[in-house]
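> just to be clear, the model below is a prediction. Sequence and coordinates:
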Amino acid sequence: MMMRRLIMVWVAMLAVSGAVAQESAWQLLGRVSAYMNSEAGYEVQFEIRAADYSSEGSYRVKGDSYHIEVAGAEVYSDGEVRYEVNGSRKEVNIDVMDNASRNILDNPTRSFDFVEEDYVAEVVSRDAESVKLKLQAKDKAVEGEIFITVAAKTAAPTKLEYVLYGDRVEVVVRSIDHKVKSVKKFDRSAYKDFEIIDFR
């Protein structure tokens, strides 16, 4: 009886692993989007790597709003307007939000929301621990490739790579905290002695 139970458990495990192995790129991206639920809110600690440059930072997302801190700079957005604060230059750049962007440093609220009508997605590599996906826009005017590595079981993203003309920027995810209740808002009064440059 015990041997029979062990065999049944083993067969069940094989069935589950087989189902995971057959999961398509878009099925997996659906799990990633569900895991990174911007409406519920979350905070990400990350590291950026590009050629000889590296820096650590964090961002918070809730709904369409976000706040990024990296390399001495801050970026705020309410989903419509983007405020980029450069502390070293004492400058604030204001512009309309690019909601089409899927770059985690441009628009983290949409960095894991891809639409099949707009992107080609494929699984580049897969093992028991992680899956690496490649995405490329169907619109030829949108150049570059995006690679997302996620945990196979949870679909939690662990690394993003943006490749354009041979240049590569990596964003390594250090931690994800889903217990975020609010996002810091841009307060113009906090930057009274900063130069305000409005591109809208």
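Great, that's in hand. Numbers count the residues shown, from 1 in each chain.
> what segments of this protein are helices?
2-21, 25-35 (DSSP state H).
> what's the least confident stretch among the ones you listed?
Here those differ in mean pLDDT, and the lowest is helix 2-21 at a mean of 49.
> ok, Asn99 to Arg82 distance?
Plainly put, Asn99 is 10 Å away from Arg82 if you go by C-beta to C-beta, to the nearest Å. Any C-beta I mention is one placed from the backbone N, CA and C, and that applies to glycine too.
> so those two - more neighbours on which side?
A direct count of neighbours by other C-beta atoms under 10 Å for Asn99 and Arg82 places Arg82 higher, at 21 against 13.
> so the more buried one bridges to which residues?
Taking DSSP bridges as the rule, Arg82 bridges to Ser77, Asp95.
> equivalent analysis for Ser55, please.
Ile48.
> I'd assumed Glu69 was in contact with it.
No: using C-beta atoms under 8 Å, Ser55 and Glu69 do not qualify as a contacting pair, with a distance of 10.5 Å.
> residues contacting Phe114?
29, 33, 102, 121, 135 (C-beta atoms under 8 Å, 6 or more residues apart in numbering).
> quick one: it and Val183, what's the gap?
Phe114 is 23 Å from Val183, by C-beta to C-beta.
> again, but for Ala151
Distance from Ala151 to Val183, by C-beta to C-beta: 25 Å.
> one more: Ala50?
26 Å.
> swap in Ala156?
Taken as C-beta to C-beta, the span from Ala156 to Val183 is 20 Å.
> repeat for Ser54
From Ser54 to Val183 the distance is 26 Å (C-beta to C-beta).
> these two: which has the busier surroundings?
Neighbours of Ser54 and Val183, each counted by other C-beta under 10 Å, are more numerous for Val183; the result is 20 against 12.
> the more buried one reaches Tyr66, doesn't it?
Yes: applying C-beta under 8 Å as the test, Val183 and Tyr66 come out as touching, 6.2 Å apart.
> where do the contact lists of those two overlap?
Arg60.
> excluding sequence neighbours, find me the nearest residue to Ile176.
Sequence neighbours aside, Val44 is the residue nearest to Ile176 in space, at 5.5 Å (criterion: C-beta to C-beta, 6 or more residues apart in numbering).
> over to Val172?
Spatially, and ignoring its direct neighbours in sequence, Val172 is nearest to Glu47 (4.6 Å; C-beta to C-beta, 6+ apart).
> many thanks, I have nothing further to ask.
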